[in-house]
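Chemist: pasting the structure only:
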């Protein structure tokens, strides 16, 4: 298996623009997680899905952030409009209920100017 | 609210030393505790997972222990090598509610010098 795939790997955009991050989980995994990592706050859970259904979105910072999982093999995290304080590395992770650990993608490094 | 702390934030040691990395958490009602490794520019890789009913887990040169009552875990690295240089993160999953949420510490950056 190729592991968790994220795209793009790097994104530079200007304040006010829409940003869409994409994630393909490991085949057969039924949980998908979106995290944000910054120097100040560390790694924070934004939202997670189980069987394509959002379970906990309490970490989503505000209405500018939205996440979808239209099917078992694809998820998006959208920021609209983007702000400089959204600059961070965004990770996607997946797991199966049979395993305790989460498998992380390589991350998307977002810079909002 | 669960909080996970890792001190120190960074550590630099010569090759060959045996290391102890510390992790503390505020709420002892946890389901499990995990140690991850993060290389620069990469995602996290799981090293060890300890269920709340376990006291320790071992994998190769790594040994992780868990003391729920005191809210502490340690990751022991034997005979450190330059390839062990990375950031090590500790994370706990709280018990109850069926939540899969992990709460992470901010990590400890380890540098092993040849």
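Modeler: Alright, I've got the coordinates. Given the structure is predicted, the values throughout are model-derived calculations rather than measurements. Numbers count the residues shown, from 1 in each chain, chains lettered A, B, ... in the order given.
Chemist: got a list of what residue 103 touches?
Modeler: Just going to use chain A. A:3, A:4, A:26, A:29, A:93, A:94, A:95, B:46 (CB atoms under 8 Å, 6 or more residues apart in numbering or on different chains). Every residue, glycine included, has its C-beta placed from N, CA and C.
Chemist: To clarify, I was referring to chain B.
Modeler: Taking CB under 8 Å, 6+ apart, one finds A:45, B:2, B:3, B:4, B:25, B:91, B:92, B:93, B:94 in contact with residue B:103.
Chemist: which one of those is nearest residue B:15?
Modeler: Comparing these against residue B:15 with CB to CB places residue B:91 closest, at 27.6 Å.
Chemist: Any idea what that closest one is bridged to?
Modeler: residue B:34, residue B:104 (DSSP bridges).
Chemist: where are the low-confidence patches of chain A?
Modeler: A:1, A:98-99 (pLDDT under 70).
Chemist: Now for the closest residue to chain B within it: which residues touch it?
Modeler: Closest contact between chain A and chain B, by CB to the nearest CB, is at residue A:104 (3.5 Å). For residue A:104, the contact set (CB under 8 Å, 6+ apart) comprises A:4, A:91, A:92, A:93, B:36, B:43, B:44, B:45.
Chemist: excluding its backbone neighbours, what's nearest it?
Modeler: Counting by CB to CB, 6 or more residues apart in numbering or on different chains, residue A:104 lies nearest to residue B:43, which is 3.5 Å off, once chain neighbours are set aside.
Chemist: next one: residue A:96
Modeler: residue A:29 (4.9 Å).
Chemist: which residue packs closest to the residue nearest the centre of chain A, ignoring adjacent ones?
Modeler: The residue lying closest to the centre of chain A (CA atoms, centre = their mean) is residue A:34, at 3.3 Å. Leaving aside its chain neighbours, residue A:34 sits nearest to residue A:46 (4.4 Å; criterion: CB to CB, 6+ apart).
Chemist: The one you found touches residue A:67, doesn't it?
Modeler: Yes: contact criterion CB atoms under 8 Å: residue A:46 and residue A:67 qualify, at 7.1 Å.
Chemist: any residues in contact with both of these two?
Modeler: A:34, A:57, A:60, A:77.
Chemist: residues in contact with the third one?
Modeler: For residue A:60, the contacting residues are A:46, A:47, A:66, A:67, taking CB under 8 Å, 6+ apart as the criterion.
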